[in-house]
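Q: test case, fold it:
(one chain, ligands or ions: 1)
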Amino acid sequence: MDKNKNVIVIGSGVAGLAAAIRLSVQGYSVSVYEKNDYPGGKLSAFKTNGFSFDAGPSLFTQPQNIEELFELAGEPMQNYFEYSKVDNICNYFYDNGKILNANANPILLANEMAEKLGENPETVTKYLKASKALYNNIGKIFLTNSLHKRKTWFSKQILAALKTVKYSYLFKSLNSYNSSKFKTPEAIQLFNRYATYNGSNPYKAPGMLSLIPHLEMNEGVFYPTGGMISITNALYELAKKVGAKFYFNTPVSSIIHNDGKIIGVVVNDKNVFAEIVICNADVFFTYKNLLNNQQKAKQILIQERSSSAIVFYWGIKKEFADLCLHNIFFSKNYKAEFDCLFKQKTMYTDPTVYINITSKLEKVKRQLEKKIGL
Ligand SMILES: Cc1cc2nc3c(=O)[nH]c(=O)nc-3n(C[C@H](O)[C@H](O)[C@H](O)COP(=O)(O)OP(=O)(O)OC[C@H]3O[C@@H](n4cnc5c(N)ncnc54)[C@H](O)[C@@H]3O)c2cc1C
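A: Residues are numbered from 1 along each chain as shown. You can find the predicted model right below:
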């Protein structure tokens, strides 16, 4: 335990909260400075006209990452956070009238794709197995190691992982990879969509992104009781429990460095020194404004942008039986849609629409509570 060592975390997004928990558990004295008056960053929520909305992310995968934080802290997770597995991953609606209710069970999903889309079920099963192997062999390793450290690239683990990389994962687009596997345009469009999970264009991004479906279709989609905001609330409470101190409405105006070493930050016009500074803020903003390193900021800015999305928050006093928690209405011409977004850099006239309806699952919870008299 080293309570004398100070750590400053800039920002209380989920990554900032997780870092604050990990370091507090290791015995550091952690201070989190947050410019907003609430924790969670993009993972926040708001209420208006009697409706509650999760503001940012809506799809919850890999709950083990949250469980791990509670285990490290030695706190029973059930006192803070509950979640359940979702039976229906997503309802897909195609322009030609076909509908696929993607079942969370990979075998049922393959059968459903055969029945509704005419896809070969064995191809689906094989694809998901390859996705799993790709994630386990490569994805996991690159997610848990820094790509910016030289030692990452020379570790035995990485060399072993690189041996499993196929030509098509690196040098074919996700669309070409998927087109070489599936016979139906609907299955290709469905698996192309995973490129959009990091804002990429499936006609340009590599086949490597075929590892993403593993997270959803093999490992599963989950729903936090109370909505996505419950993740933020649980991590914030846990961080406080393990000793992290939070300062809201407190933007860090710069990071202090000396001889290439980070030594603290400036908040409210005062210098605050620390042994470790972790920045949870956007990387371009960090170089440009907090480190005043215009050269590095420029290097970040010249990288190709990912696409964003336009989000509407609609409170609707009506139910739609055909829809589930996650729903996708695909555009007719996916290629034209991505050309429009990435080449003409404008909205497409027939955009793919994603609809998230949290009340689908919250309603079940409310009914149960009513039944047991809560
Ligand atoms: C609309 C939308 C939908 C998404 N959907 C999904 C999804 O379905 N599933 C999924 O897994 N992911 C999804 N994501 C991505 C996910 O939300 C993010 O990856 C995640 O929330 C990022 O967390 P973070 O902690 O890295 O950053 P952030 O949430 O951006 O946190 C950064 C924090 O730093 C603070 N900060 C910045 N500058 C300063 C400063 N100078 N001083 C003090 N504080 C500062 C900010 O106020 C903020 O609180 C979605 C994102 C968006 C926007």
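Q: domain ranges for the protein?
A: Annotated domains of the chain cover 6-83+225-301, 87-220+305-371 [automatic domain parsing].
Q: between those, which one is closest to the ligand.
A: For these, the distance to the ligand is smallest for domain 6-83+225-301, at 2.1 Å, taking Cβ to the nearest ligand atom. Just so you know, the C-beta spots here come from the backbone N, C-alpha and C atoms, and that holds for glycine as well.
Q: now the closest one: average pLDDT?
A: For domain 6-83+225-301, the mean per-residue pLDDT is 97.
Q: is that domain positioned near the ligand?
A: Yes. Using Cβ under 6 Å from any ligand atom, domain 6-83+225-301 reaches the ligand at 10-16, 33-36, 41-43, 56-59, 251-252, 280-281.
Q: what subset of those is buried?
A: Buried subset of these (neighbour count, 16 or more other Cβ atoms under 10 Å): 10-14, 16, 33-35, 41, 43, 56, 58-59, 251-252, 280-281.
Q: which ones among those residues lie within strands?
A: The strands, defined by DSSP state E, take in 10, 33, 252 from those.
Q: contacts only, for the last one.
A: Yep, that's residue 252 we're talking about. By Cβ atoms under 8 Å, 6 or more residues apart in numbering, the contact set of residue 252 is 8, 10, 33, 35, 265-267, 281, 290.
Q: what's across from it in the sheet?
A: Counting by DSSP bridges, residue 252 is bridged to residue 267.
Q: contacting residues around residue 321?
A: For residue 321, no residue counts as a contact, taking Cβ under 8 Å, 6+ apart as the criterion.
Q: is it fair to say it lies in a strand?
A: No. The assignment for residue 321 (DSSP: H, G, I helix; E, B strand; the rest coil) gives coil, which keeps it out of a strand.
Q: look up how far residue 357 lies from it.
A: As judged by Cβ to Cβ, to the nearest Å, residue 321 and residue 357 stand 11 Å apart.
Q: shared neighbours, these two?
A: Common contact partners of residue 321 and residue 357 (Cβ under 8 Å, 6+ apart): none.
Q: tell me, what residue is most central in the protein?
A: residue 57 (6.9 Å; Cα atoms, centre = their mean).
Q: for it, what are phi and psi?
A: Main-chain dihedrals, residue 57, degrees, to the nearest 10: phi -60, psi 150.
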